[in-house]
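Chemist: Okay, here's the prediction I keep looking at, along with the sequence it came from:
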Amino acid sequence: MDNLTLKLRGMSCAGCANNVEQAILSVPGVIDCNVNFGAEQASINYDSKLTNLEKIQAAIEAAGYSSFSLSEAQGEDDTETASRLAEQQELILKLKTGGVISIFLFFGSLPMMTGLNLPFIPSFLHHPWLQLVLTTPVEFWCGWSFFRNGWKSLKHHTATMDTLIALGTGTAYLYSLVVTLFPGLLISQGLEPHVYYEVAAMVVTLILLGRFLESRARGKTSEAIRKLMGLQAKTARVIRNDVEMDISIAEVRINDVILVRPGEKIPVDGEVIEGASTVDEAMVTGESLPRKKLPGDEVIGATINKTGSFKFRATRVGKDTFLAQIVKWVQEAQGSKAPIQRLADQVTGWFVPAVIAIAITTFVIWFNIMGNLTLATMTTVGVLIIACPCALGLATPTSVMVGTGIGAENGILIKGAESLELAHKIQIIVLDKTGTLTQGKPTVTDFVTVHGTANSNELVLLQLAATVERNSEHPLAEAVVQYAKSQEVSLATVNNFLAIAGSGVQGVVNDHLVQIGTQRWLTEIGINPDSLQQYQLGWESAGKTVIFIAVDGALQGIMAISDALKPSSAQAVKALQNLGLEVVMLTGDNQQTADAIALQVGINQVFAQVRPDQKAAIIQSLQSNVETLHATSLPNNLNKTNRKSQIVAMVGDGINDAPALAQADVGIAIGTGTDIAIAASDITLISGDLQGIVTAIQLSRATINNIQQNLFFAFIYNIIGIPIAAGILYPIFGWLLNPIIAGAAMAFSSVSVVTNALRLRNFQPGVK
Ligand SMILES: Nc1ncnc2c1ncn2[C@@H]1O[C@H](COP(=O)(O)OP(=O)(O)OP(=O)(O)O)[C@@H](O)[C@H]1O
Ligand SMILES: [Cu+]
Ligand SMILES: [Mg+2]
């Protein structure tokens, strides 16, 4: 199955989005598709054996819309903005024309509308033939897109809001035309031959105005992407065949050698090969202190080189760079559909046909009861126009776009609207210890052997241990290797290396079998680990991880490794608890060590000695709240009874956390952790600062609030407007909704929704 994201053009409302979705789904081989009106994007799952990009694009084209692939859209950013600008320019011209003409028509019809005698208005202005001449260009030039799109969807047996506007204004125009040509028809019925050209012209103009304001405001919702892309360097100085040249970064190839001078932005991702410098990586790590870079170190595109100059070899370019990846994620997230939107989608699906039905009923009732063709026509036009569901289609996607964008600006990558929506419902948050609560840069603090300390035995054992650990990617292994280096111990070679996840590692060095790992594991394989207990217990209660080293089946030494807490951990745990969440720690480490760390950060529910394959199971049991399988924790651990399914978030960084991240309702990965954890997660905290979780939850709350306000704004216009337009108040108060007011309400409902969504940009992390 392949996945594809397309940018779309030509949609004017959520009804169009439905049409595009249907068109794509009708292509054989398309498995699943999701069209987002707010982001103007379609994400498609398809079987590449049965179909391809061209076929899908052709189907979209046939439905009357255009599309291009996302990478193309990114590359051709300039031409895209140019075409958008031209579109806007045309809209402005139409708006001005419609506006000026509408003013004349408005004054012309004022005496009739108000029933007053207004002598300052020249009488020729309400001459029907002049009004006809003025209205025709507005209706058919300014409003052409409504007819064109309405017709297109009619051909596909669907209806969109363009259909409603075309029908509404078309009816007003046609009615007036008939009256102009054959006034006798009405007079013979005892009715006055009034024309309603101003309704047609003003509604078209108002809706164009609404669209213009809406598109301008919508441009601001994707500001985050533009900011991110703006971080990128424009050019790179590459050295090809000993010649230095400045080229655009789009032309940089993998393995190009690139020179970076002090103060410059690093253009792409790569590895330093010559020179030394410090680099400000705040964008990636959130750490404001510049990092030292030496040959062999990795550098990341868009970070800023500070002091020295260096050469590096490009390893990732174009759409593979770290920054491009982030941009892609944010774009995809902005285009994804929040579950709350399904409601709006379902409503819009049957809305337009329902409105047409209501309009027809209105006409029939008025015509039959009152026998008044004029009244019947104008109420029908009012219903058609007020009922446009366009604001409904904008309510969710605009907030989601702003929300995910704000997240990205704060170093929180939210991969989909669904996680953004779920985050505010989190009840239990599970934190991994190593690398999540702690910095994940452990160091060896103590080391004893069964022969005591400070003797040659110690260095021999250290050599054996470090030799084995060099083959492990575990952070603890790294600590052992570093310690050996600091003691100037040289490493030997290892055979039959084996890592047992969650337990330890083993290998053969100089014909000795070396096994390093947890106390439990050594016990399991028949080695007594207890001879150094007097050291072990003290270290563990200080929160240090103790690892056991056995050679040829007998314990030879133990080592204490300490991993400092992140400075923000305790504060973040407290903030999460203040938000009403249950905070739980989950670790593969020993119980005593885990308890000591938990105490330091203020967590009182701990699952320790959890093997990697059990982490997901624990998340699952927390979700369904079955009494937890492993009673390895403190007394008050999760024994509240009768809790229903809980929304559980998991925060982790390691490969061993990936299944748990995937199992959790919301998986949150630490950006400085492993790629596998990031891939398995729904939210990534780029800098690894746990305060980001608090921000993410607050952002989720703010976004959901905003969406609810939007849905209210969108619904209220339609719910109140339709019955009034249908004339429900006429028998009581004599009130009718003038179709022009309906047009204005319609236009401003979308504007108010988008404006409200933009208010989210004022979101401040940490402020409740
Ligand atoms: N390469 C290794 N060298 C020594 N001990 C190891 C190694 N790998 C795992 N262990 C032992 O197994 C234990 C569990 O490891 P695991 O990777 O599951 O969790 P962790 O990294 O300690 O903690 P967390 O689950 O919080 O990330 C470690 O605490 C350590 O004692
Ligand atoms: Cu509309
Ligand atoms: Mg870990």
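Modeler: On my side now, so go ahead. Ligands and ions are numbered 1, 2, ... in the order given.
Chemist: What ranges in the stretch 551-700 of the chain fall below the confidence cut-off?
Modeler: 625-644, 673 (pLDDT under 70).
Chemist: What sits closest to Ala324 if chain neighbours are left out?
Modeler: Gly318 (6.7 Å; CB to CB, 6 or more residues apart in numbering). Heads up, the C-betas are built off the backbone N, CA and C, glycines and all.
Chemist: For the helix or strand where Ser749 lies, name the packing helices and strands.
Modeler: Here Ser749 sits within helix 739-759, counting by DSSP states H and E. Secondary-structure packing of helix 739-759 (3 or more CB pairs under 8 Å, 6 or more residues apart in numbering; DSSP states H and E): helix 197-221, helix 373-386, helix 390-409, helix 691-726.
Chemist: May I see the buried residues of it?
Modeler: By neighbour count on 16 or more other CB atoms under 10 Å, the buried set for helix 739-759 is 739-758.
Chemist: model confidence over that helix, on average?
Modeler: Here helix 739-759 scores 80 as its mean pLDDT.
Chemist: any idea of the angle that helix forms with helix 390-409?
Modeler: Taking axes from the mean of the first three to the mean of the last three CA atoms, to 10 degrees, one finds that helix 739-759 is oriented at 10 degrees with respect to helix 390-409.
Chemist: Report the angle between helix 739-759 and helix 373-386.
Modeler: 10 degrees.
Chemist: Quick test: name the residue nearest the centre of this protein.
Modeler: Ala333 (2.9 Å; CA atoms, centre = their mean).
Chemist: Can you verify my assumption that that residue contacts Glu421?
Modeler: No: the criterion here is CB atoms under 8 Å, and Ala333 misses it with Glu421 at 11.6 Å.
Chemist: which ones are touching the closest residue to ligand 2 within the stretch 451-600 of the chain?
Modeler: Closest contact between the stretch 451-600 of the chain and ligand 2, by CB to the ion, is at Leu579 (38.6 Å). By CB atoms under 8 Å, 6 or more residues apart in numbering, the contact set of Leu579 is Val694, Ile697, Gln698.
Chemist: for the residue nearest to Ala324, what are its contacts?
Modeler: Contacts of Gly318 by CB under 8 Å, 6+ apart are Ala250, Val252, Ala324.
Chemist: How about His156?
Modeler: Asn19, Gln22, Ala23, Ala63, Gly64.
Chemist: Separate out the buried members of the residues you listed.
Modeler: Asn19, Ala23, Ala63, Gly64.
Chemist: Quick check: the farthest pair among the residues you listed?
Modeler: Every pair in these was compared (CB to CB); the two farthest apart turn out to be Ala23 and Gly64, at 8.8 Å.
Chemist: Closest residue of the chain to ligand 1?
Modeler: Ligand 1 sits closest to Gly588 of the chain, with a gap of 2.3 Å, by CB to the nearest ligand atom.
Chemist: Ile732 - how many residues pack around it?
Modeler: Residues within reach of Ile732, counting by other CB atoms under 10 Å, total 7.
Chemist: and it, helix, strand or coil?
Modeler: For Ile732, the secondary-structure state derived from DSSP: H, G, I helix; E, B strand; the rest coil is helix.
Chemist: Return the per-residue confidence for it.
Modeler: pLDDT, read off for Ile732, is 78.
Chemist: so how far is Ala742 from it?
Modeler: 19 Å (CB to CB, to the nearest Å).
Chemist: Pull up the distance across stretch 649-668, start to finish.
Modeler: 7 Å (CA to CA, to the nearest Å).
Chemist: so who does Ile683 touch?
Modeler: Counting by CB under 8 Å, 6+ apart, Ile683 has contacts Ile412, Leu413, Ile414, Lys415, Ser419, Ala423, Val666, Gly667, Ile668, Ala669, Ala696.
Chemist: Quickly list what it is bridged to.
Modeler: Counting by DSSP bridges, Ile683 is bridged to Ile414, Ile668.
Chemist: picking up where we left off before, can you tell me the element the residue nearest to the centre of the chain falls in?
Modeler: helix 322-335.
Chemist: Please name every helix or strand in contact with whichever helix or strand comes after that helix.
Modeler: Beyond helix 322-335 in the direction of the C-terminus, DSSP H and E gives the next helix or strand as helix 341-370. If contacts are counted by 3+ CB pairs under 8 Å, 6+ apart, helix 341-370 sits against helix 14-25, helix 161-181, helix 373-386, helix 390-409, helix 691-726.
Chemist: tell me the phi and psi of the closest residue to Ser503 other than its chain neighbours?
Modeler: Residue nearest to Ser503 in three dimensions, not counting chain neighbours: Trp521, with 3.9 Å by CB to CB, 6+ apart. When quoted as degrees, to the nearest 10, the phi and psi of Trp521 stand at phi -60, psi -40.
Chemist: residues contacting Trp521?
Modeler: Counting by CB under 8 Å, 6+ apart, Trp521 has contacts Ile500, Ser503, Gly504.
Chemist: mean pLDDT lowest for which of the helices and strands packed on helix 739-759?
Modeler: helix 197-221 (a mean of 78).
Chemist: residues in contact with the helix or strand just after that helix?
Modeler: Per DSSP H and E, the first helix or strand lying C-terminal to helix 197-221 is helix 223-230. By CB under 8 Å, 6+ apart, the residues outside helix 223-230 that reach it are 74, 77, 323, 326-327, 330-331, 334, 404-406, 408-409, 761.
Chemist: Turn these into JSON lines, columns for distance to ligand 2 and neighbour count.
Modeler: Putting these into JSON lines (distance: CB to the ion, whole Å; neighbours: other CB atoms under 10 Å) gives the following:
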{"residue": "Gln74", "distance to ligand 2": "30", "neighbour count": "18"}
{"residue": "Asp77", "distance to ligand 2": "29", "neighbour count": "12"}
{"residue": "Leu323", "distance to ligand 2": "38", "neighbour count": "21"}
{"residue": "Ile326", "distance to ligand 2": "35", "neighbour count": "21"}
{"residue": "Val327", "distance to ligand 2": "31", "neighbour count": "22"}
{"residue": "Val330", "distance to ligand 2": "28", "neighbour count": "23"}
{"residue": "Gln331", "distance to ligand 2": "26", "neighbour count": "23"}
{"residue": "Gln334", "distance to ligand 2": "22", "neighbour count": "27"}
{"residue": "Thr404", "distance to ligand 2": "25", "neighbour count": "32"}
{"residue": "Gly405", "distance to ligand 2": "25", "neighbour count": "25"}
{"residue": "Ile406", "distance to ligand 2": "27", "neighbour count": "23"}
{"residue": "Ala408", "distance to ligand 2": "30", "neighbour count": "22"}
{"residue": "Glu409", "distance to ligand 2": "31", "neighbour count": "16"}
{"residue": "Arg761", "distance to ligand 2": "25", "neighbour count": "15"}
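Chemist: how many other residues sit next to Ser26?
Modeler: The number of residues near Ser26, taken as other CB under 10 Å, comes to 12.
Chemist: Name the SS class of the closest residue to it other than its chain neighbours, please.
Modeler: Distance criterion CB to CB, 6+ apart; nearest residue to Ser26, sequence neighbours excluded, is Ala59 at 6.6 Å. With three-state DSSP as the basis, the three-state label of Ala59 is helix.
Chemist: Can you give the contact residues for stretch 500-508?
Modeler: By CB under 8 Å, 6+ apart, stretch 500-508 touches 467-469, 471-472, 474, 477, 494-499, 513-518, 520-521, 524, 547-548, 588, 610-613, 656.
Chemist: Cross those against helices and list the overlap.
Modeler: Secondary structure defined by DSSP state H assigns Thr467, Val468, Glu469, Ala477, Arg520, Trp521, Glu524, Pro612, Asp613 of those to helices.
Chemist: filter those residues to the buried ones?
Modeler: Using 16+ other CB under 10 Å, the buried ones in those are Thr467, Val468, Glu469, Ala477, Trp521, Pro612.
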